[in-house]
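> Have a look at this fold, sequence not included:
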């Protein structure tokens, strides 16, 4: 009887430890997706600013502000994905 109780207690203690690596992998994937989103928003922001400057339809300050907004939105999207 003691062996049975010991084995049940041991199994109950080890079961959560087995699920931790899967949990960590899930969070790792979420962080990677968020990082990819941030990198994409940076690239899009740079391209948007280049296009704005080439078109010469706005002031440099306006182009800069557009780039900042784009990057800010990308960071927020990454936060939403991550959490």
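Received the coordinates, thanks. Just so we're clear, the structure is a prediction, and the values are computed from it rather than from any experiment.

> Look up how far residue 58 lies from residue 50.
If you measure residue 50 against residue 58 using Cβ to Cβ, to the nearest Å, the figure is 13 Å. In this view, the C-beta of every residue, glycine as well, is placed from N, C-alpha and C.

> Check residue 76 too.
Here residue 76 is placed at a distance of 23 Å from residue 58 (Cβ to Cβ).

> again with residue 45
In terms of Cβ to Cβ, residue 45 sits 15 Å off from residue 58.

> Which one's more surrounded, these two?
A count of neighbours by other Cβ atoms under 10 Å puts residue 45 above the other of residue 45 and residue 58, at 20 against 13.

> now the helices for this protein?
Assigned by DSSP state H, the helices in the chain fall at 2-55, 60-82.

> what's the burial count for residue 82?
Neighbourhood size, residue 82 [other Cβ under 10 Å]: 15.

> Let's see the pLDDT reported for the nearest residue to it once chain neighbours are set aside.
In space, and not counting its chain neighbours, residue 82 is closest to residue 34: 4.1 Å by Cβ to Cβ, 6 or more residues apart in numbering. Confidence at residue 34, expressed as pLDDT, is 89.

> Who are the contact partners of residue 34?
78, 79, 81, 82 (Cβ atoms under 8 Å, 6 or more residues apart in numbering).
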